[in-house]
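Asker: only geometry, no sequence info:
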């Protein structure tokens with residue numbers, strides 16, 4: 001559970017930190033990012049239709065695909081297509097957050113639930129502290 005929590009937090013915060021480097025208008029990117037909360041709305045129907053593990057795997061897979069699109073095709077994408085890719089990326093990161101919370105509720109007993117939330121959150125925040133350092137890391141060879 002901690003690894004899923006770290007992966008989701010890291011992917012969310014690295015994107016938020018690197019948004020300044022995206023080749024698009026910051027206002028359009030921010031507007032599209034706001035619509036990513038739809039991921040929380042589609043979480044319920046997806047979890048009813050699919051299993052938790054399948055939904056989480058789907059969200060991680062689509063985040064990976066959209067990140068690869070951004071990495072390899074960012075210069076060829078028009079502005080609105082790029083904004084749509086960002087929407088998909090953030091939407092599925094939000095979906096992943098929602099699935100983690102629901103799985104957490106079903107996985108742990110109520111007597112340990114708050115402690116497990118705290119442990120996962122503290123460990124993920126400790127890793128996420130390194131996001132700015134890793135995002136701005138430059139190799140000495142360059």
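Answerer: Noted; the coordinates are in hand. For clarity, every value in this text was computed on a predicted model and none was experimentally measured.

Asker: and the next helix or strand past the longest helix belonging to the chain?
Answerer: For the chain, the helix that runs over the most residues, judged by DSSP state H, is helix 79-107. The helix or strand immediately downstream of helix 79-107 is helix 110-128, counting by DSSP states H and E.

Asker: same for that following helix, what does it pack against?
Answerer: Counting contacts by 3 or more Cβ pairs under 8 Å, 6 or more residues apart in numbering; DSSP states H and E, helix 110-128 packs against helix 2-18, helix 79-107. Backbone N, C-alpha and C define where each C-beta goes, glycine included.

Asker: mean pLDDT for the ones you listed: which is lowest?
Answerer: Note on the helices and strands packed on helix 110-128: helix 2-18 shows the lowest mean pLDDT, a mean of 81.

Asker: helices or strands next to the helix or strand following that helix in the packing?
Answerer: Scanning forward in sequence from helix 2-18 by DSSP H and E, the next helix or strand is helix 26-34. Applying 3+ Cβ pairs under 8 Å, 6+ apart, we find helix 26-34 packed against helix 79-107.

Asker: just the buried residues of the helix it packs on, please?
Answerer: Counting neighbours by 16 or more other Cβ atoms under 10 Å, one finds that the buried residues in helix 79-107 are 82-83, 85-100, 102-104.

Asker: and stretch 16-36, by the same measure?
Answerer: Going by 16+ other Cβ under 10 Å, stretch 16-36 has these buried residues: 22, 24, 29, 32, 33, 36.

Asker: and the helices and strands packed on helix 110-128: which comes nearest residue 45?
Answerer: With respect to residue 45, and counting by Cβ to Cβ, the nearest of these is helix 79-107 at 11.1 Å.

Asker: so what secondary structure elements neighbour the closest one?
Answerer: Helices and strands touching helix 79-107, by 3+ Cβ pairs under 8 Å, 6+ apart, are helix 2-18, helix 26-34, helix 38-49, helix 52-73, helix 110-128.

Asker: tilt between it and helix 26-34?
Answerer: 30 degrees (axes from the mean of the first three to the mean of the last three Cα atoms, to 10 degrees).

Asker: ok, and the closest non-adjacent residue to the most centrally placed residue in the chain?
Answerer: Nearest to the mean C-alpha position of the chain, counting by Cα atoms, centre = their mean, stands residue 93 at 2.9 Å. In space, and not counting its chain neighbours, residue 93 is closest to residue 12: 5.0 Å by Cβ to Cβ, 6 or more residues apart in numbering.
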